[in-house]
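Colleague: can't give you the sequence, but here's the structure:
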(Lines give C-alpha, C1' and ligand atoms only; values in the text may rest on other atoms or scores of the structure.)
Protein backbone atom coordinates (compact mmCIF):
# COMPACT_ATOMS: atom_id res chain seq x y z
CA UNK A 1 0.00 0.00 0.00
CA UNK A 2 1.27 3.46 -0.88
CA UNK A 3 2.65 5.48 2.01
CA UNK A 4 2.40 9.28 2.08
CA UNK A 5 4.77 11.27 4.27
CA UNK A 6 3.71 14.89 4.84
CA UNK A 7 5.63 17.71 6.43
CA UNK A 8 5.73 21.48 6.67
CA UNK A 9 2.62 22.49 8.58
CA UNK A 10 2.69 24.92 11.47
CA UNK A 11 1.62 28.25 12.86
CA UNK A 12 2.14 31.43 10.87
CA UNK A 13 0.85 34.99 10.99
CA UNK A 14 -1.54 36.33 8.39
CA UNK A 15 0.42 37.30 5.29
CA UNK A 16 3.11 34.74 5.98
CA UNK A 17 4.21 31.69 4.05
CA UNK A 18 4.51 27.96 4.56
CA UNK A 19 5.70 25.14 2.36
CA UNK A 20 4.20 21.69 2.59
CA UNK A 21 5.79 18.60 1.13
CA UNK A 22 4.48 15.10 0.53
CA UNK A 23 6.41 12.05 -0.61
CA UNK A 24 4.75 8.89 -1.89
CA UNK A 25 6.52 5.57 -1.43
CA UNK A 26 5.87 1.83 -1.63
CA UNK A 27 3.43 2.23 -4.49
CA UNK A 28 3.21 -0.75 -6.81
CA UNK A 29 0.99 1.20 -9.19
CA UNK A 30 1.77 4.18 -11.36
CA UNK A 31 1.26 7.59 -9.78
CA UNK A 32 -1.04 9.62 -12.00
CA UNK A 33 -1.50 12.74 -9.89
CA UNK A 34 -0.89 14.13 -6.41
CA UNK A 35 -2.34 17.05 -4.57
CA UNK A 36 -3.71 18.52 -1.41
CA UNK A 37 -7.11 18.70 0.21
CA UNK A 38 -7.83 20.75 3.30
CA UNK A 39 -10.52 20.79 5.94
CA UNK A 40 -11.05 23.89 8.01
CA UNK A 41 -12.92 24.07 11.30
CA UNK A 42 -16.59 23.40 10.64
CA UNK A 43 -16.01 23.17 6.91
CA UNK A 44 -16.18 20.41 4.34
CA UNK A 45 -13.01 19.00 2.88
CA UNK A 46 -12.04 20.84 -0.30
CA UNK A 47 -9.50 20.20 -3.02
CA UNK A 48 -6.84 22.90 -2.81
CA UNK A 49 -4.39 21.95 -5.54
CA UNK A 50 -3.70 19.09 -7.90
CA UNK A 51 -0.66 18.22 -10.01
CA UNK A 52 -0.87 15.71 -12.86
CA UNK A 53 2.37 13.70 -12.90
CA UNK A 54 1.96 11.29 -15.82
CA UNK A 55 0.04 10.85 -19.02
CA UNK A 56 -0.63 13.35 -21.75
CA UNK A 57 -1.44 16.10 -19.27
CA UNK A 58 1.67 15.56 -17.19
CA UNK A 59 2.77 18.80 -15.59
CA UNK A 60 -0.64 20.41 -15.50
CA UNK A 61 -1.89 21.94 -12.29
CA UNK A 62 -5.20 23.15 -10.93
CA UNK A 63 -6.23 25.18 -7.90
CA UNK A 64 -9.27 26.08 -5.87
CA UNK A 65 -10.41 29.61 -6.67
CA UNK A 66 -9.76 30.64 -3.07
CA UNK A 67 -6.00 29.98 -3.39
CA UNK A 68 -5.26 30.94 -6.99
CA UNK A 69 -2.38 33.38 -7.19
CA UNK A 70 -1.25 32.58 -3.65
CA UNK A 71 -0.51 28.83 -3.66
CA UNK A 72 1.76 26.95 -6.04
CA UNK A 73 2.01 23.18 -6.37
CA UNK A 74 5.14 21.63 -7.84
CA UNK A 75 6.89 18.27 -7.98
CA UNK A 76 10.39 16.86 -7.85
CA UNK A 77 12.11 15.31 -10.85
CA UNK A 78 11.23 11.81 -9.63
CA UNK A 79 7.54 12.71 -9.62
CA UNK A 80 6.87 11.11 -6.26
CA UNK A 81 7.06 14.26 -4.14
CA UNK A 82 4.87 17.31 -4.37
CA UNK A 83 5.30 20.65 -2.70
CA UNK A 84 2.68 23.24 -1.87
CA UNK A 85 4.09 26.73 -1.50
CA UNK A 86 1.55 28.83 0.33
CA UNK A 87 2.05 32.60 0.30
CA UNK A 88 -0.04 35.49 1.57
CA UNK A 89 -1.75 33.16 3.99
CA UNK A 90 -5.06 34.18 5.48
CA UNK A 91 -6.83 33.02 8.63
CA UNK A 92 -9.38 31.24 6.44
CA UNK A 93 -6.56 29.03 5.15
CA UNK A 94 -6.42 27.43 8.58
CA UNK A 95 -7.14 23.72 8.59
CA UNK A 96 -5.74 20.25 8.27
CA UNK A 97 -4.06 19.73 4.92
CA UNK A 98 -4.16 16.21 3.51
CA UNK A 99 -1.88 15.01 0.79
CA UNK A 100 -3.44 12.58 -1.64
CA UNK A 101 -2.29 10.46 -4.56
CA UNK A 102 -4.20 9.13 -7.56
CA UNK A 103 -2.95 5.75 -8.73
CA UNK A 104 -3.49 4.09 -12.08
CA UNK A 105 -4.25 0.42 -11.42
CA UNK A 106 -4.77 -2.48 -13.85
CA UNK A 107 -8.51 -2.30 -13.19
CA UNK A 108 -8.96 1.44 -12.93
CA UNK A 109 -8.05 4.06 -10.37
CA UNK A 110 -7.33 4.25 -6.68
CA UNK A 111 -6.80 7.09 -4.25
CA UNK A 112 -4.91 7.30 -0.99
CA UNK A 113 -4.64 10.05 1.63
CA UNK A 114 -2.00 11.05 4.12
CA UNK A 115 -2.52 11.59 7.83
CA UNK A 116 -2.78 15.34 7.46
CA UNK A 117 -0.73 18.26 8.69
CA UNK A 118 -2.12 21.22 10.63
CA UNK A 119 -1.82 24.71 9.22
CA UNK A 120 -2.86 27.57 11.49
CA UNK A 121 -2.88 31.17 10.33
CA UNK A 122 -3.30 33.76 13.05
CA UNK A 123 -4.80 37.17 12.37
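Modeller: The structure has been received and is ready for your questions. Every value quoted in this text rests on a predicted model; they were computed, and no experiment measured them.
Colleague: list the contacts of the residue nearest to residue 39 when sequence neighbours are not counted.
Modeller: Distance criterion CB to CB, 6 or more residues apart in numbering; nearest residue to residue 39, sequence neighbours excluded, is residue 45 at 4.3 Å. To be clear about C-beta, it is placed using only N, CA and C from the backbone, and glycine gets the same treatment. By CB atoms under 8 Å, 6 or more residues apart in numbering, residue 45 lies in contact with 37, 38, 39, 98.
Colleague: among the residues you listed, which ones are buried?
Modeller: Listed as buried from the contacts of residue 45 are 37, 38, 98; burial here means 16 or more other CB atoms under 10 Å.
Colleague: state the distance from residue 45 to residue 113.
Modeller: 10 Å (CB to CB, to the nearest Å).
Colleague: please identify every residue contacting each of these two.
Modeller: 37, 98.
Colleague: hmm, back to that, looking at the contacts of residue 45, which is nearest residue 68?
Modeller: Nearest to residue 68 among the contacts of residue 45, counting by CB to CB, is residue 38 at 14.5 Å.
Colleague: in contact with the closest one, which residues?
Modeller: Residue 38 makes contacts with 45, 46, 48, 93, 95, 96, 97, 98, 119, as judged by CB under 8 Å, 6+ apart.
Colleague: and it, bridged to which residues?
Modeller: residue 46, residue 97 (DSSP bridges).
Colleague: for residue 84, same thing?
Modeller: Beta-bridge pairing of residue 84 under DSSP bridges involves residue 20, residue 73.
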